[in-house]
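Participant: attaching a predicted model along with its sequence, questions to come.
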Amino acid sequence: MINKEMARDYLQRAKWCLEEALLAREREDYAGIARRSQEALELAAKALLRAHAIEYPREHDVSEALVNEKQRLPSEIQTEIKPLAALLTELASIRGPAMYGLEREGIPPSKTVGKEEALKILGSVQAYVRKIDTTITPYL
């Protein structure tokens with residue numbers, strides 16, 4: 001029961017992060033889009049794992065847990081695991097710079113993510129969050 005409650009909460013928070021990413025898009029805050037999209041995908045992936053009582057490391061990138069436990073996940077999401085895991089890893093690597101910039105180089109967050117990259121990230125994350133939502137809702 002705790003896993004289901006956690007999964008529902010994580011999924012709701014993922015959706016809220018996407019709303020914040022859309023607000024960042026309106027503001028042309030491309031680093032903000034990347035950051036909020038990363039958080040949305042992380043939370044959605046953790047909701048997917050929680051919904052199926054799969055433990056994962058307490059870190060931002062849970063791609064390894066997804067790949068290792070793929071067979072325990074619903075068949076409709078199994079074909080998505082490899083690209084989902086790759087995106088999780090990619091976004092985990094830009095999470096910090098999108099929030100803090102590259103301090104040693106003197107590059108602010110606003111210069112770390114371009115418009116095209118940010119919009120591509122947002123579109124991919126929206127699709128994955130929708131897919132995870134429809135996949136795990138029956139389990140919750």
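Facilitator: Done, it's in.

Participant: going forward, measure contacts and count neighbours with C-alpha atoms only.
Facilitator: OK.

Participant: what about the helices in the chain?
Facilitator: Ranges of helices in the chain, per DSSP state H, are 2-26, 30-51, 63-68, 75-78, 81-100, 115-136.

Participant: okay, which residue is most central for the chain?
Facilitator: The centre of the chain sits closest to Leu41, judged by C-alpha atoms, centre = their mean, with a distance of 1.1 Å.

Participant: ok, it - contacts?
Facilitator: By C-alpha atoms under 8 Å, 6 or more residues apart in numbering, Leu41 lies in contact with 14, 88, 125, 128-129.

Participant: gap between it and Arg8?
Facilitator: Using C-alpha to C-alpha, to the nearest Å, we find Leu41 at a distance of 14 Å from Arg8.

Participant: cool, and Leu18?
Facilitator: Between Leu18 and Arg8 the computed distance is 16 Å (C-alpha to C-alpha).

Participant: cool, and Leu49?
Facilitator: 11 Å.

Participant: hang on, Leu88 packs against Gln38?
Facilitator: Yes - the pair Leu88 / Gln38 is scored as a contact, 7.4 Å apart, by C-alpha atoms under 8 Å.

Participant: more crowded one of the two?
Facilitator: Gln38 (31 against 22; other C-alpha atoms under 10 Å).

Participant: in space, what's closest to that one - neighbours in sequence excluded?
Facilitator: Excluding the flanking residues, the one nearest Gln38 by C-alpha to C-alpha, 6 or more residues apart in numbering is Leu91, at 5.5 Å.

Participant: the one you found against Ala40, yeah?
Facilitator: No - judged on C-alpha under 8 Å, Leu91 makes no contact with Ala40 at a distance of 10.5 Å.

Participant: what is in contact with the two at once?
Facilitator: Counting by C-alpha under 8 Å, 6+ apart, nothing touches both Leu91 and Ala40.
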